[in-house]
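# sequence first, then the predicted structure, then my questions.
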Amino acid sequence: MIVNGPCKLQGEIEISTSKNAILPILVAGILSDEPIKLYRVPAISDVFIIQEIIAALGMASERKDDTLFFSGRLNSFSPPFELVRQMRASFLLMGPILARCGEVRISLPGGCAIGNRPIDLHLKGLAALGAEIELEAGNIVARSKRLQGRHIYLDYPSVGATENLMMAAAVAEGVSHIENAALEPEIVDLASFINKMGGRIFGAGTNVIRVEGVEKLHGAEYTPIPDRIEAGTYMTAIAASGGEGLIRNVIPEHVKAVSAKLIESGARVSEGAREIHIARRRNIRPLYIKTLPYPGFPTDMQAQMMAYLSRGSGTSIISESVFENRFMHVQELQRMGADIRTEGRTAVIRGVKHLSPATVRASDLRAGAALVIAGLTGNGETVIQESEHIDRGYENMVEKMYALGADIRRE
Ligand code: EPZ
């Protein structure tokens, strides 16, 4: 991806459906043999990967425009190794496959390179529901005749573990409580989808989720929520460029933390029912940001905010409390002249007058988005290599940025 800066973004764009909502919802679809129909499915590679995985498990899926149909019976309990390794979200398959087949065999998670992201909370929760778990030649194998509803306490409000356990508990025998559950909007969306399938999940969005197991779940149709991280990314890009723009199809409530920080830095944000207008004219004021589980400042916006704060006056501090190694974008921003020092999970950013173009590498989709934001404000052409990472979770970023007036292309 090649970005020719500087440019002031101007105009409006439509946000796509949330990657982190639709991935668990697609996985939850395997909890029923009946047809599932999902609307406004984004054309992002993580969705294609999960489609391939559930097809390999026997669930044929068919896409017509942005509608996805799938149904069928699970006829394998072991998702293909080479697909699972590409995406950590594949691990969400464990709960549903175990619940439906009584057994699941899955290779240890791979996915984006942000530290070693263990899965101990997933496994501890599934064991609490009665699963026998073993490690066999690099695969996790879990077995259980019928999962039993239980009280589960999560040591950390893990999004994936909450989703995995909610899906497993949905068809377990009896009632489960998931304590210290994650509060993310994607959890609420998954719960309402499963409830549309006939599930009985209460309290999603609070830190105690009650799940009354049911015998069987039926098919459903659903439109997942818009992507709050994509929305935050474009808000930050518009603010970084000193332009103004209207973000459509966003739920302002879901991006509150990002809006608050952009306002604190000097941008102007006004919220409609399902849209946000943002502009920045004055200097970018330095910020202190600490990433936290929802509703705190989202870790998935950390790299983008760092690119934004790299320019301007003063010294900002960002501490990354969610992942232990999510600063791969720092060295790339440094190549563009950003003055950033990291100390463990803390980065100190001193604003510089402007960034200079360079050839940089996207290590994951959010780092890639940060480099596009940095490239918008550099004087000249920034070349972002491995931009396929961006396509994992940003639908048509080149087209959307182009519609906002960016000089951006892909080679
Ligand atoms: C989800 O990942 C998102 N992915 C991530 O978005 C997001 O960064 C993360 O939640 C936090 O909001 C999807 O929803 C597909 P976690 P997940 O379990 O579920 C530790 C993006 O850019 N942990 O909440 O993997 C873990 O190591 C991606 O769209 C354990 O220790 O996140 C991490 O430090 C990146 N043991 C922290 O918890 C476990 O069993 C948060 O992980 C599970 C997690």
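Looks like it arrived, so ask away.
# could you list the low-pLDDT ranges of the stretch 1-150 of the chain?
In the prediction, the stretch 1-150 of the chain carries residues with pLDDT under 70 at positions 109-117.
# residues touching Cys7, list them.
Ser241, Gly243, Leu376, Gly405, Ala406, Asp407 (CB atoms under 8 Å, 6 or more residues apart in numbering). Yep, even glycine has a C-beta here, placed from its N, CA and C like the rest.
# quick check: bridge partners of the residue nearest to the last one when sequence neighbours are not counted?
Closest residue in space to Asp407, ignoring its immediate chain neighbours: Asn4 at 3.9 Å, by CB to CB, 6 or more residues apart in numbering. In this structure, Asn4 has beta-bridge partners Glu381, Asp407, where bridges are defined by DSSP bridges.
# list the contacts of Asn4.
Residues near Asn4 by CB under 8 Å, 6+ apart: Gly375, Gly380, Glu381, Thr382, Asp407, Ile408.
# widest-spaced pair of the contacts of Cys7?
Spanning the widest gap among the contacts of Cys7 are Gly243 and Asp407, at 13.1 Å by CB to CB.
# between these two, who's got more neighbours?
The residue with more neighbours, out of Gly243 and Asp407, is Gly243; 21 against 15, by other CB atoms under 10 Å.
# list the contacts of Val27.
Ile50, Ile54, Ala89, Leu92, Leu93, Pro96, Met167.
# my bad, should have said Ala204
Contact analysis of Ala204 by CB under 8 Å, 6+ apart lists Met166, Ala181, Ile187, Val188, Leu190, Ala191, Ser192.
# who wins for neighbours among those residues?
Ranked by neighbour count (other CB under 10 Å), the contacts of Ala204 have Leu190 at the top, with 30 neighbours.
# helices along this structure, start to end?
Counting by DSSP state H, the segments of the chain that form helices are 19-28, 45-56, 81-84, 94-101, 120-128, 159-170, 185-196, 228-241, 256-264, 302-309, 328-335, 365-377, 397-403.
# could I get the ones you listed as JSON lines with distance to the ligand?
Converted to JSON lines, the helices of the chain look like this (distance: least, CB to the nearest ligand atom, whole Å):
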{"stretch": "helix 19-28", "distance to the ligand": "3"}
{"stretch": "helix 45-56", "distance to the ligand": "7"}
{"stretch": "helix 81-84", "distance to the ligand": "13"}
{"stretch": "helix 94-101", "distance to the ligand": "11"}
{"stretch": "helix 120-128", "distance to the ligand": "3"}
{"stretch": "helix 159-170", "distance to the ligand": "3"}
{"stretch": "helix 185-196", "distance to the ligand": "6"}
{"stretch": "helix 228-241", "distance to the ligand": "6"}
{"stretch": "helix 256-264", "distance to the ligand": "12"}
{"stretch": "helix 302-309", "distance to the ligand": "9"}
{"stretch": "helix 328-335", "distance to the ligand": "12"}
{"stretch": "helix 365-377", "distance to the ligand": "5"}
{"stretch": "helix 397-403", "distance to the ligand": "14"}
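# would you turn the ones you listed into JSON lines with distance to Gly72?
Listed next are these as JSON lines, based on distance: least, CB to CB, whole Å:
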{"stretch": "helix 19-28", "distance to Gly72": "13"}
{"stretch": "helix 45-56", "distance to Gly72": "9"}
{"stretch": "helix 81-84", "distance to Gly72": "17"}
{"stretch": "helix 94-101", "distance to Gly72": "12"}
{"stretch": "helix 120-128", "distance to Gly72": "24"}
{"stretch": "helix 159-170", "distance to Gly72": "18"}
{"stretch": "helix 185-196", "distance to Gly72": "18"}
{"stretch": "helix 228-241", "distance to Gly72": "30"}
{"stretch": "helix 256-264", "distance to Gly72": "39"}
{"stretch": "helix 302-309", "distance to Gly72": "38"}
{"stretch": "helix 328-335", "distance to Gly72": "39"}
{"stretch": "helix 365-377", "distance to Gly72": "30"}
{"stretch": "helix 397-403", "distance to Gly72": "33"}
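# looking at it, Asp227 is touching Thr17, isn't it?
Yes - using CB atoms under 8 Å, Asp227 is in contact with Thr17, at 6.5 Å.
# mutual contacts of these two, please.
Pro42.
# the two: which is more packed in?
Neighbour count, other CB under 10 Å: between Asp227 and Thr17, Asp227 has more, with 28 against 24.
# and the more buried one, what pLDDT?
According to the prediction, Asp227 has pLDDT 98.
# so what's Ala142 bridging to?
Ala142 forms beta bridges with Val104, Ile133, as assigned by DSSP bridges.
# could you check how far it is from Ala369?
The spacing between Ala142 and Ala369, counted by CB to CB, to the nearest Å, is 35 Å.
# kindly report the same for Ala191.
Distance from Ala191 to Ala369, by CB to CB: 28 Å.
# ditto for Arg143
Using CB to CB, Arg143 is found at 40 Å from Ala369.
# which one of these two has more residues nearby?
Neighbours per residue (other CB under 10 Å) separate Arg143 from Ala369, with Ala369 holding more: 30 against 16.
# quick check, the more buried one in contact with Met306.
No - at 11.1 Å, Ala369 and Met306 do not qualify as touching, with contact defined as CB under 8 Å.
# count of neighbours near Lys400?
Neighbourhood size, Lys400 [other CB under 10 Å]: 21.
# going forward, the N-terminal residue is numbered 8.
Sure, I'll start counting at 8 from here, so that last one is Lys407.
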